[in-house]
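**Student:** Kindly generate the corresponding structure for this input.
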Amino acid sequence: MQWDERTKKWVAIGAFVVFTIFIGWALYFTFFRVPDELTFPPTISQDQLQIPQLPQVPPSVTEEVPPPETISPPAEVTEPPLTAVPPTQLPTPIATGRETQLGVVTNRFLTNSIPAHQGIAAYDPLSGNFVRVETDGKISALSDKKFFGVTNINWGPNGNQAILGFADGSNLYFDFTRNIGIRLPDEIREPSFNQNGTSIAFKWIDPRDPNRNYIGVGRPDGGGLRFVEHIGRKSRITQIKWSPDERFVATVHDPYNPNAQQIFFIGQNQERFGSVIVPGLSARYIYTPNSKLMLASTIDMERDGNHVLQIISVESGNTGTVLTTGLKTTVEKCVITPDSTTAFCAVPRNLPRGAGAVPELAVGVFDDFYQLDLKDGKAKVLALPVIDGTQNVIGTNLSLARDGTELWFTNSVDGRLLSIRLK
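**Tutor:** Presented below is the predicted three-dimensional model:
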């Protein structure tokens, strides 16, 4: 049968439409579809977790997901000012909401710093050493061993132990007090220490079979591992973070609508706690030390596609209250005071639209520092940082001195460890 040119044209168009629909369905099924339910596996013993053998995946257990608690509407967003005073004023030595002279703790390039004793513990990627930096800038090695190729560092409390992830996918638990290391299963991902450092929660990710992905708990050295929740293909929307009171070990973030997500709280003994609906997408969070609040950052797709901080109540019996602040930053650029009342955050100036979804748009955008009241969500300028006569500062790895007199952070511009005097 001979087709004329017009018929051939319409057949080609029809074939292209069918092909496009098929490709769209395949992409959704492969990358975006998630199972409708989470299931509880039985407790699995340490013997069953030995590599290379993996435990048999138990049959699915159907459970109704509890409805979310009633939440209050987000508070009215008040955008914080970008500058507090004219930039011509001389910087002050103590943060008072205007230009503030920064201190240099050390010029050594350090990453992944956390509070430790009377200073911080950090990693020096150039030398491969883990070090302790005292408040006077003195640096000492935490171990005589060197670690190269480290891609992820999950610290225990006080910087005495850590789980290191390497470029080849291997994991190493290291005890700096005893100066010993123990190889952990490669399947362990995103380990999180509990408050006293005696246990970890983690994702168990099987690269060969996503149906064997779990949330697990155990000792940091790999002993006593057990699974507490089957997550399967929901591993990509699961976050591991042990709450200070040890009620929660993880959260699962299900899409709720195009600009909101429903966060489910998972306990270490197969508990299902309440859920909360949070405005925005891609939530990341930290807990307050008293475990009553989460400080989360989400991407607000309805406004400008940038991150915004949310304060979420997770106190027993009051899970679900959400307060939206006006600070456009990520939670990784914040630190919370020990009394759980205040957060200090590095906040980018004049973020372009869409920088939350496309972080490359924020490259070269410098920060100012804000103080956030966690009770009412109100923020005020803490400091407009000045170093070497410029305000070229991008703050990461924020931490507070033990006596609360200084705010320490790494300047991503040059890798130096800098400080802001608070008192």
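**Student:** What segments of the stretch 51-200 of the chain are strands?
**Tutor:** Using DSSP state E, counting those that start in this stretch, the strands of the stretch 51-200 of the chain run over residues 99-101, 103-106, 111-116, 119-124, 129-134, 139-141, 150-155, 161-166, 171-175, 180-184, 188-193, 200-204.
**Student:** Mean pLDDT and mean neighbour count added to the ones you listed, as TSV?
**Tutor:** Just so you know, the C-beta spots here come from the backbone N, C-alpha and C atoms, and that holds for glycine as well. Below are the strands of the stretch 51-200 of the chain laid out as TSV (pLDDT from 0 to 100; neighbours: other Cβ atoms under 10 Å):
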stretch	mean pLDDT	mean neighbour count
strand 99-101	96	21
strand 103-106	92	18
strand 111-116	86	20
strand 119-124	91	24
strand 129-134	93	20
strand 139-141	93	14
strand 150-155	95	18
strand 161-166	96	22
strand 171-175	97	20
strand 180-184	97	15
strand 188-193	96	20
strand 200-204	97	24
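**Student:** Find the residue at the geometric middle of the protein.
**Tutor:** In the chain, the C-alpha closest to the average C-alpha coordinate belongs to Arg284, at a distance of 4.8 Å (Cα atoms, centre = their mean).
**Student:** hang on, the earlier thing: Throw the strands of the stretch 51-200 of the chain into CSV and include distance to Pro359, thanks.
**Tutor:** Shown next, in CSV, are the strands of the stretch 51-200 of the chain (distance: least, Cβ to Cβ, whole Å):
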stretch, distance to Pro359
strand 99-101, 27
strand 103-106, 27
strand 111-116, 18
strand 119-124, 22
strand 129-134, 27
strand 139-141, 31
strand 150-155, 18
strand 161-166, 21
strand 171-175, 26
strand 180-184, 30
strand 188-193, 20
strand 200-204, 23
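**Student:** Among those, which comes closest to Glu332?
**Tutor:** Among the strands of the stretch 51-200 of the chain, the nearest to Glu332 by Cβ to Cβ is strand 111-116 (11.6 Å).
**Student:** can you state the direction angle for that closest one and strand 129-134?
**Tutor:** 50 degrees (axes from the mean of the first three to the mean of the last three Cα atoms, to 10 degrees).
**Student:** CA atoms of strand 111-116 as PDB?
**Tutor:** Below are the C-alpha coordinates for strand 111-116, written out as PDB (Å, rounded to 0.1, in the frame of the first residue of the first chain):
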ATOM      1  CA  THR A 111      35.800  21.200  57.000                       C
ATOM      2  CA  ASN A 112      33.000  19.400  58.900                       C
ATOM      3  CA  SER A 113      33.600  21.100  62.200                       C
ATOM      4  CA  ILE A 114      31.500  20.400  65.300                       C
ATOM      5  CA  PRO A 115      31.700  21.600  69.000                       C
ATOM      6  CA  ALA A 116      34.100  19.500  71.000                       C
END
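**Student:** Count the neighbours of Arg208 for me.
**Tutor:** The local packing of Arg208 (other Cβ atoms under 10 Å) involves 7 other residues.
**Student:** I'd guessed Gly119 sits against Ser140; true?
**Tutor:** No - the pair Gly119 / Ser140 is not scored as a contact, 9.4 Å apart, by Cβ atoms under 8 Å.
**Student:** so what's in contact with these two at the same time?
**Tutor:** Common contacts of Gly119 and Ser140, defined by Cβ atoms under 8 Å, 6 or more residues apart in numbering, comprise 132, 134.
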